[in-house]
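In: based on what follows, work out the 3D shape:
(chains A, B, C and D)
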Number of protein chains: 2
Amino acid sequence: MRVTQRCQYALRAIFELARRNGRGPIKIADIAEVQAIPQRFLEVILSQLKHGGFVDSQRGTDGGYFLKRDPADLTVGEVMRFMQGFIGPVSCVLNESEDNKCVLYGDCAFIDMWKEVQRAMTEIYDNTTFKNLVERDQQRKSEYLPCYSI
Amino acid sequence: MRVTQRCQYALRAIFELARRNGRGPIKIADIAEVQAIPQRFLEVILSQLKHGGFVDSQRGTDGGYFLKRDPADLTVGEVMRFMQGFIGPVSCVLNESEDNKCVLYGDCAFIDMWKEVQRAMTEIYDNTTFKNLVERDQQRKSEYLPCYSI
DNA sequence: ATTATCTTGATTGATTTAGTGAAGAAGTGT
DNA sequence: ACACTTCTTCACTAAATCAATCAAGATAAT
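Out: Numbers count the residues shown, from 1 in each chain, chains lettered A, B, ... in the order given. Predicted coordinates:
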C-alpha cells in the first residue's frame, strides 16, 4: 500500500462532506460511522484538514464539520499533497530538491520512467474532483438499485 | 517516496548486470560502487534476487553475479512485484484478497480511481524491459558526450 | 593452503504509521 | 447560570517497516 490509511481516511471524510454539501454541519461520529473510520483518529485528521483550509467546523449542539471549498474545484491530488507530501513513485523526481538529490549525479537510467509514472499518477489525481466522485457515486448507486422505490 | 530504497537498489543492480550482460560475473563491490549502493546491503539484496531466479552467481576469484534472465524479457514490473509485493496505490485494488477486503463492502467512491491509477502504473512498469533501459541509457550518453574521443 | 568472493541469519537503530488518552474550549438550549 | 454536546489540542504509545550492519561461514580458483 502506498497511499497511507490516514490519507485515505481524509479523502473519505472530505468525500462524505462533499456528498452532503449544503446540508449543514456533519458530526464527526456520523462521518466516522458511515465511512468506517476510527472516530478518535478522524478527529485528528479533520482538525488537520481544517488547518489546511479544506473544511470548517461549528461547535456545540448541531455542530460538526462542513466543506470550505467548492467540491467542483477541489481535487484528490490537492488533498493527497497536503496529507502525504508530493505525489510520485520516488522522491528524486522532484527536480533539485536540496536533500533529495540523486546520488548518481543525474546519471540515472530510471529517471525518465519515474517521471512518466509520476505524470500518469498526477494526471489522474489532479483531474478527479470531489464533485466527480459524488456524481459517479450517485450514478453507480442508481445503477445497482434501479427499483429503489418499490 | 513510495518505491522503497531496497527496491530501487535491486533495480539498479539488475540494470548494471544487464548493461554488462555477457561479459562474465560482476563483483558485488563493483556494482555497489558504480550504482552507489551500500555493499553489505547489496549483498542481501542480490542474494534475494538469486532466490527469485533473476540473477545467478559464481563464487571464488573472478566470481560475481550475472543475469539469469534475458534483459529483453525482464520487466521492471516483475522485479518490483518480487521486491515489494503488488503494484498499486492502495491494497484494496486487489480483488477479494482475503484480508485486504474493503471495509466499505464495495461501496467505495474511490475504487475506480485507484484502479485507474494502478492500470496506469503497471502499464508503464510492465512495458519497460531492462533492454529498454540499457538502450535508452546508451543513447542518452551518446547525446550528452558527442565529442567523447577528443 | 590461501585468497577472493558469495551466503546466511541475526540484530540494530531510525522512522513512519496508526491509533489512543485526557483535559479543555466553545457553542446551544433551558 | 447550567448542563449538554461537540469540536480542539497536545502528548503519548504500540506496532510495523525500512535501511543497514555484524559476524560467521561456505565455496571456488590458483
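
In: checking A:Gln48 next. Helix, strand or coil?
Out: The three-state label given to A:Gln48 by DSSP: H, G, I helix; E, B strand; the rest coil is helix.

In: tell me the pLDDT at it?
Out: You'll see A:Gln48 listed with a pLDDT of 97.

In: burial check on it, number of neighbours?
Out: A count of nearby residues for A:Gln48, using other C-beta atoms under 10 Å in any protein chain shown, gives 15. Where you see a C-beta, it was placed from the backbone N, CA and C, and this is true even at glycine.

In: look up how far DNA strand C lies from it.
Out: Using C-beta to the nearest atom of the strand, to the nearest Å, A:Gln48 is found at 11 Å from DNA strand C.

In: all helices for chain A, in order.
Out: A:5-19, A:28-34, A:39-51, A:76-84, A:111-126, A:130-144 (DSSP state H).

In: now the residue nearest to A:Leu74 when sequence neighbours are not counted: how far from A:Met113?
Out: Setting aside the residues directly before and after it, A:Leu74 is nearest to A:Phe130 in space (C-beta to C-beta, 6 or more residues apart in numbering or on different chains), at 5.2 Å. Separation of A:Phe130 from A:Met113 (C-beta to C-beta, to the nearest Å): 31 Å.

In: and if you look at A:Lys68?
Out: A:Lys68 is 38 Å from A:Met113, by C-beta to C-beta.

In: more neighbours, the two?
Out: Counted by other C-beta under 10 Å, A:Lys68 and A:Met113 do not tie: A:Met113 has more neighbours, with 21 against 15.

In: quick one: contacts for the more buried one?
Out: B:Val76, B:Ile124, B:Tyr125, B:Thr128, B:Leu133 (C-beta atoms under 8 Å, 6 or more residues apart in numbering or on different chains).

In: may I ask which of those residues has the most neighbours?
Out: That'd be B:Val76 among the contacts of A:Met113, by other C-beta under 10 Å, with 25 neighbours.

In: isn't that one up against B:Glu123?
Out: No - B:Val76 is not in contact with B:Glu123 according to C-beta atoms under 8 Å; the separation is 11.7 Å.

In: ok, A:Ser57 - how many residues close by?
Out: By other C-beta under 10 Å, the residues close to A:Ser57 number 16.

In: quick check: bridge partners of it?
Out: Counting by DSSP bridges, A:Ser57 is bridged to A:Tyr65.

In: I'd say it and A:His51 touch.
Out: No - A:Ser57 is beyond contact range of A:His51, at 11.1 Å (criterion: C-beta under 8 Å).

In: before we move on, back to that, to B:Gly22, which of the helices of chain A lies closest?
Out: Ranking the helices of chain A by their distance to B:Gly22 (criterion: C-beta to C-beta) puts helix A:111-126 first, at 23.7 Å.

In: alpha carbons of the closest one, in CSV - could you do that?
Out: Taking C-alpha atoms only, helix A:111-126 is exported to CSV below (Å, rounded to 0.1, in the frame of the first residue of the first chain):
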residue,chain,number,x,y,z
ILE,A,111,14.6,8.8,-14.0
ASP,A,112,12.6,9.0,-17.2
MET,A,113,10.5,6.1,-16.2
TRP,A,114,9.9,7.5,-12.8
LYS,A,115,8.8,10.8,-14.3
GLU,A,116,6.5,9.1,-16.7
VAL,A,117,4.8,7.3,-13.8
GLN,A,118,4.5,10.5,-11.8
ARG,A,119,3.0,12.2,-14.8
ALA,A,120,0.4,9.4,-15.1
MET,A,121,-0.4,9.5,-11.5
THR,A,122,-0.8,13.2,-11.1
GLU,A,123,-2.8,13.4,-14.3
ILE,A,124,-5.4,11.2,-12.7
TYR,A,125,-5.4,12.7,-9.2
ASP,A,126,-5.4,16.3,-10.3
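
In: what angle sits between that helix and helix B:76-84?
Out: 80 degrees (axes from the mean of the first three to the mean of the last three C-alpha atoms, to 10 degrees).

In: run the chain-centre distance for helix A:111-126.
Out: Centroid displacement of helix A:111-126 relative to its chain, using C-alpha atoms, centre = their mean, to the nearest Å, is 18 Å.

In: and it with DNA strand D, contact?
Out: No - Helix A:111-126 stays clear of DNA strand D (C-beta under 7 Å from any atom of the strand), getting no nearer than 14.6 Å.

In: and the average pLDDT for that helix is what?
Out: Per-residue scores along helix A:111-126 average to 97.

In: in the least confident helix or strand in chain A by mean pLDDT, what counts as buried?
Out: Least confident element among the helices and strands of chain A, by mean pLDDT, DSSP states H and E: helix A:130-144 (a mean of 92). For helix A:130-144, the neighbour count (16 or more other C-beta atoms under 10 Å in any protein chain shown) marks A:Phe130, A:Lys131, A:Asn132, A:Leu133, A:Val134, A:Asp137 as buried.
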